[in-house]
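Asks: What follows is a predicted protein model with its sequence.
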Amino acid sequence: MAISDMPRRFRNPAAAVALFLTGLSVAAQQSPSPSTSAATPPAGDQAVFVPVEFRAPDNGFSVGLRMLRKARVTFTGMGANGSSWNFGSDPNHLNPGETAVMTRRYNDGYVSIDTRTTLAGAPVNDGMTNTWQMTSGTQVVGSSGGAGTGSVAFHAYYTGESTATASNGSSTGWDLEYVRRLGGSRIVWGVAVGCGLSDINARTHTTFATPLMRVVDVYSLAGATAPTGAYTAPSTATVPMLDPFGNPVLNPDGSQRMITVDTTVLLTNRPVRTRGASGTTPVDGAFEVRGSLVTARFGPYVETALCDGFALRASAGMTVNILGARMRFDERATIPGLDEPVVAAGETGKTSTSNLGFYASAEIQYLVTRRTGIFAGIIHESHFRTTEIKNPPLTDPSTGEILAANSRAARIDASPGTGLRVGVTTRF
């Protein structure tokens, strides 16, 4: 464009340059510096810090104590005492059994099978035996029960049965639990797996009266002279050796020669029996059941926060329960006419059993830190209505012969019911 075509105000070059520089100065004053622009964002675009929400760990483990209802044990068959004798052919000693030729044991001796043989080695079968024992000379009687003049009486006493109850001496055990969170925010849920171990130690010591029964077996001496005092057959004696004329036989050194002779007194091998009640007798007995109860549980749980640091958790599910226990007993029956009490003692082998049950629990937790806390709550478990431990028959260790049927048993009610759980917990 020609200068003549410019507006009048731009025709002066000096005035135009001045005006241009004035515009640059104003623009420089209005535009921010680079440092100020980088440090101060425009209004409405301020940066905002958004905190990341803390999420509780998904796993938890707790260890503590469980205090549940004591186990209750009922002992039955107590005082059924007859472990020192076997006077019949059946294990329960209810049949007379006097017709059999056998070994019979009594409280004051025994009569066993004859061991004599002929020169040919055949057993002697004359109705007599050379193997027997009596513990007192007072057992020798006159004519008794048709057994003949000069007889030996043997006595077997046995007592009836009684019952007693005992409670577990301790109800405190260990408790472990693992939980896994599966979902939820305000109310979380997941699964819980736990295990509890409790000892069972129930015992009682009591004195009770039981019916006393007596069996009397009388064996004839068949005219032989009765021994005096306690006696065991077969028997021998060492006596001086005499010649046919009654003169002593001497050894080469001039000393008396001695010989051993058989002095056994024979007894008939079948008795004549009487039996009947003989009043009651006191029995002093100690009874004990010891064992362990292991309970494994599995089920869902829910948990919710109550207030700062506190949470409530509830759970329910099934249990698998294993009980192992054994029974001990020691009885001493005072029998009239016997110098020492009749003792029956023994221990059963370990009895194990298992079954299913259920549980329900509720507890309050307090988190001391984000990962560690303490808890206290209640738990209810139901299982094992009745478990029985039976005492096996007592037998002769050498022959396997049944000496007593032994009806003693212990019925265990180990259903714990409702109890407490306390302990510490950690999350990871």
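Replies: Perfect, thanks for sending it.

Asks: Next secondary structure element downstream of the longest strand belonging to the chain?
Replies: Ranked by residue count under DSSP state E, the longest strand found in the chain is strand 272-307. Counting by DSSP states H and E, the next helix or strand C-terminal to strand 272-307 is strand 310-333.

Asks: hmm, back to that, now the longest strand of the chain: buried residues?
Replies: 272-273, 278, 281-283, 285, 287-291, 293, 295, 297, 299, 301, 303 (16 or more other CB atoms under 10 Å). To be clear about C-beta, it is placed using only N, CA and C from the backbone, and glycine gets the same treatment.

Asks: any idea of the pLDDT on Gly60?
Replies: pLDDT recorded at Gly60 is 94.

Asks: ah, wrong one, I meant Ala2
Replies: Per-residue confidence for Ala2 comes out at a pLDDT of 46.

Asks: can you count the residues close to Gly309?
Replies: Using other CB atoms under 10 Å, Gly309 has 12 other residues around it.

Asks: sorry, that was for Ile378
Replies: 12.

Asks: circling back: partners of the longest strand of the chain, with directions?
Replies: strand 187-220 (antiparallel), strand 310-333 (antiparallel) (DSSP bridges).

Asks: Dump these to JSON lines, plus mean pLDDT, mean neighbour count and distance to Ser382.
Replies: Listed next are these as JSON lines, based on pLDDT from 0 to 100; neighbours: other CB atoms under 10 Å; distance: least, CB to CB, whole Å:
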{"stretch": "strand 187-220", "mean pLDDT": "88", "mean neighbour count": "19", "distance to Ser382": "14"}
{"stretch": "strand 310-333", "mean pLDDT": "91", "mean neighbour count": "18", "distance to Ser382": "8"}
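
Asks: The residue lying closest to Ala316 once chain neighbours are set aside bridge partners, please.
Replies: Leaving aside its chain neighbours, Ala316 sits nearest to Ala360 (4.3 Å; criterion: CB to CB, 6 or more residues apart in numbering). Here Ala360 shows beta-bridge partners Ala316, His380, assigned using DSSP bridges.

Asks: how about Ala360, what does it touch?
Replies: Going by CB atoms under 8 Å, 6 or more residues apart in numbering, Ala360 touches 314-316, 379-380.

Asks: switch to 10 Å and redo it
Replies: 299, 314-317, 378-382, 418 (CB atoms under 10 Å, 6 or more residues apart in numbering).

Asks: same check, this time on Ser361
Replies: Going by CB under 10 Å, 6+ apart, Ser361 touches 177, 192, 194, 297, 299, 301, 313-317, 377-381, 418-419, 421.

Asks: who touches the closest residue to Thr295 other than its chain neighbours in this structure?
Replies: Leaving aside its sequence neighbours, Thr295 sits nearest to Gly196 (CB to CB, 6+ apart; 4.5 Å). Each residue near Gly196 by CB under 10 Å, 6+ apart is listed here: 64-66, 68, 173-177, 293-297, 319, 321, 359, 379, 381, 416, 419, 421.

Asks: At which residues are the helices of this structure located?
Replies: Using DSSP state H, the helices of the chain run over 13-30, 34-39.

Asks: What mean pLDDT does the longest one get?
Replies: On average, the pLDDT along helix 13-30 is 47.

Asks: for the last one, same thing?
Replies: Averaging the model's pLDDT scores along helix 34-39 yields 45.

Asks: cool, and stretch 125-142?
Replies: 91.

Asks: Would you pull up how far it lies from the middle of the chain?
Replies: 46 Å (CA atoms, centre = their mean, to the nearest Å).

Asks: No further questions, thank you.
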